[in-house]
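K.L.:
Need a 3D model of the following:
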Amino acid sequence: MVDIIHRIGIKASPRKVYSALSTVDGVAGWWTQETTGESKVGGVITVRFADRLTPSVEKGRMELEVTKLDPGKEVRWRFKEGPPEWIGTEVTFSLSQNGESTVLVFGHRNWREPIEFMAHCSMKWATFLLSLRELVETGAGRPSPDDLKIDNWN
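P.N.:
You can find the predicted model right below:
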């Protein structure tokens, strides 16, 4: 098994970063605007990615189960539906305070093998983590469909 791991500093309290990671509205503010579901352990969240110019065209959809919510410290998800490579993988967000900032260590864990799609996802996760930082620090992120496009897969 292989993991995608990223680390980012955010000029905000762990509580504020946690709120953006642990609520449907928070996730909609940095990952994809089309986020629905229940923000509780055992709850299911659905994220939909639409084409920017033709919103009725779906580019992707994932369903994840919230598996852990530790306020100000950690959020965990497990993917139930989506790309075959994502089924059963986990996403972890671990938070720690460093002065007046929060250090976020992100992981998309338990990929079966390192493939080209994993490289794409790693880069996309990095852009979405920058969107998260923008949301928390300025009040406005860049969620899909207004996210940074990196290649012909999105």
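
K.L.:
Tell me, how many residues neighbour T138?
P.N.:
9 (other Cβ atoms under 10 Å). All C-beta spots, glycine's among them, are computed from the backbone N, C-alpha and C.

K.L.:
Distance of it relative to W86?
P.N.:
T138 sits at a distance of 29 Å from W86 (criterion: Cβ to Cβ, to the nearest Å).

K.L.:
and what of A28?
P.N.:
Separation of A28 from W86 (Cβ to Cβ) stands at 19 Å.

K.L.:
Pick out whichever of those two has more residues nearby.
P.N.:
Neighbours around A28 and W86, counted as other Cβ under 10 Å, are more numerous at W86. The numbers are 23 against 20.

K.L.:
The more buried one reaches K80, doesn't it?
P.N.:
No. Using Cβ atoms under 8 Å, W86 is not in contact with K80; the gap is 9.3 Å.

K.L.:
Now the residue lying closest to T32 once chain neighbours are set aside. Its backbone dihedrals?
P.N.:
Spatially, and ignoring its direct neighbours in sequence, T32 is nearest to S144 (4.0 Å; Cβ to Cβ, 6 or more residues apart in numbering). Torsion angles at S144 (phi, psi; degrees, to the nearest 10) stand at phi -60, psi 140.
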